[in-house]
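# Predicted model and sequence follow; I will ask about them next.
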Amino acid sequence: MYLPLPGDYIDIHVHGGSPASGVFILESLMAHEEKSPVALAGVAYTYGIHPWFLNEGNHRQLLISVANSVINPEIIAIGEAGFDRLRGPSMLIQRIAFEEQVAISEETEKPVIIHCVRAWDELLSVQKKLKPRMPWLVHGFRGNRELAGQLLAKGMYLSLWFDFALKPESGELLRSLPINRIFLETDGAEADIRNIYLKVATDLDLDVDELKTSLLNNFKSFFNYDSLLTTG
């Protein structure tokens, strides 16, 4: 298992990424693709059921795939999993699949990476019901301060949507967030995580090395770094 090193840029959510010198990526594997992690320097993995590719017919098979796959030590989190009101099956099926993945998260002691589009009520409802011990990270966040506050109050971490993070208007939100609860990502888009770090560091009146240190500390907290070192 490869984990980020001091001085690395951390891209916390990637699809189809390639390792680069000084950049650690967290590659998101989706259960419907039936891909397996490959041990590579600079890469670790998440594995889960993306709501876009979930339906009543494949739900059980995909869940079995998650349960069987996440015991691999290269996979350090469950997901991306969650809710999408714009694309995917009924909210009932999405909720069942999400709750089942949370159960796997709790059993394996691996945190959850969340996809959520216009379904924050569902996400918060499940969090209230299940009261998970493992932390949750909402990827692709581009909401307002009120929504950010609601999620942070429930102990969640936020990874800013790459395009939003690069826009000037994201600075106000960034400055309102606790730096110990944020991550940055490219989501597999044609974006450079190093440019995102530079923009966010400027918004926060930090130098890039200070931001790297903060996000590495966040990684260690979110993923229970000492435990990963023991099991890796």
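Yes, it's here.
# How about the secondary structure of residue 28?
Put simply, residue 28 is strand when judged by DSSP: H, G, I helix; E, B strand; the rest coil.
# Same check on residue 158?
Here residue 158 is recorded as strand under three-state DSSP.
# Can you name the residues that contact it?
The contact partners of residue 158, by CB atoms under 8 Å, 6 or more residues apart in numbering, come to 137, 138, 141, 148, 151, 152, 177, 181, 182, 183. Just so you know, the C-beta spots here come from the backbone N, C-alpha and C atoms, and that holds for glycine as well.
# Can you tell me the closest non-neighbouring residue to it?
Once flanking residues are discounted, residue 158 sits nearest to residue 141: 4.4 Å by CB to CB, 6 or more residues apart in numbering.
# Report the separation between that neighbour and residue 185.
Distance, residue 141 to residue 185, by CB to CB, to the nearest Å: 9 Å.
# More neighbours: which of those two?
residue 185 (27 against 24; other CB atoms under 10 Å).
# so the more buried one touches residue 9, yeah?
No - with contact defined as CB atoms under 8 Å, residue 185 does not reach residue 9; the gap is 11.0 Å.
# which residues are common contacts for residue 141 and residue 185?
Common contacts of residue 141 and residue 185 (CB under 8 Å, 6+ apart): 159, 160, 161.
# Export those as a markdown table, with columns for pLDDT.
What follows is the shared contacts of residue 141 and residue 185, written out as a markdown table (pLDDT from 0 to 100):
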| residue | pLDDT |
| --- | --- |
| 159 | 98 |
| 160 | 97 |
| 161 | 95 |
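# Looking at those, which one is closest to residue 222?
Of all the shared contacts of residue 141 and residue 185, residue 222 sits closest to residue 159, with 10.2 Å by CB to CB.
# burial measure for that closest one, as a count.
Neighbours of residue 159 under the rule other CB under 10 Å: 25.
# follow-up on the earlier one: in strands, which of the contacts of residue 158 appear?
Of these, the ones assigned to strands by DSSP state E are 137, 138, 141, 182, 183.
# most surrounded residue in those residues?
residue 137 (28 neighbours).
# Report the contact partners of the residue sitting nearest the centre point of the chain.
The chain has residue 113 as the residue nearest its centroid, 3.6 Å off, counting by CA atoms, centre = their mean. Residues in contact with residue 113, defined by CB under 8 Å, 6+ apart, are 13, 26, 28, 46, 48, 77, 78, 79, 80, 81, 137, 139.
# Equivalent analysis for residue 64, please.
No contacts exist for residue 64 under CB under 8 Å, 6+ apart.
# In terms of helices and strands, where is it?
helix 59-69 (DSSP states H and E).
# pLDDT of that helix, averaged?
Per-residue pLDDT values across helix 59-69 average out to 96.
# Show me which positions of that helix end up buried.
Under the neighbour-count criterion of 16 or more other CB atoms under 10 Å, helix 59-69 has 59, 62, 63, 65, 66, 67, 69 buried.
# Those residues into a markdown table, with extra columns for distance to residue 99?
Conversion of those to a markdown table gives the following (distance: CB to CB, whole Å):
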| residue | distance to residue 99 |
| --- | --- |
| 59 | 12 |
| 62 | 14 |
| 63 | 11 |
| 65 | 17 |
| 66 | 13 |
| 67 | 14 |
| 69 | 18 |
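# Please compare those residues by their distance to residue 118 and name the closest.
Nearest member of the buried residues of helix 59-69 to residue 118, counting by CB to CB, is residue 59, at 21.4 Å.
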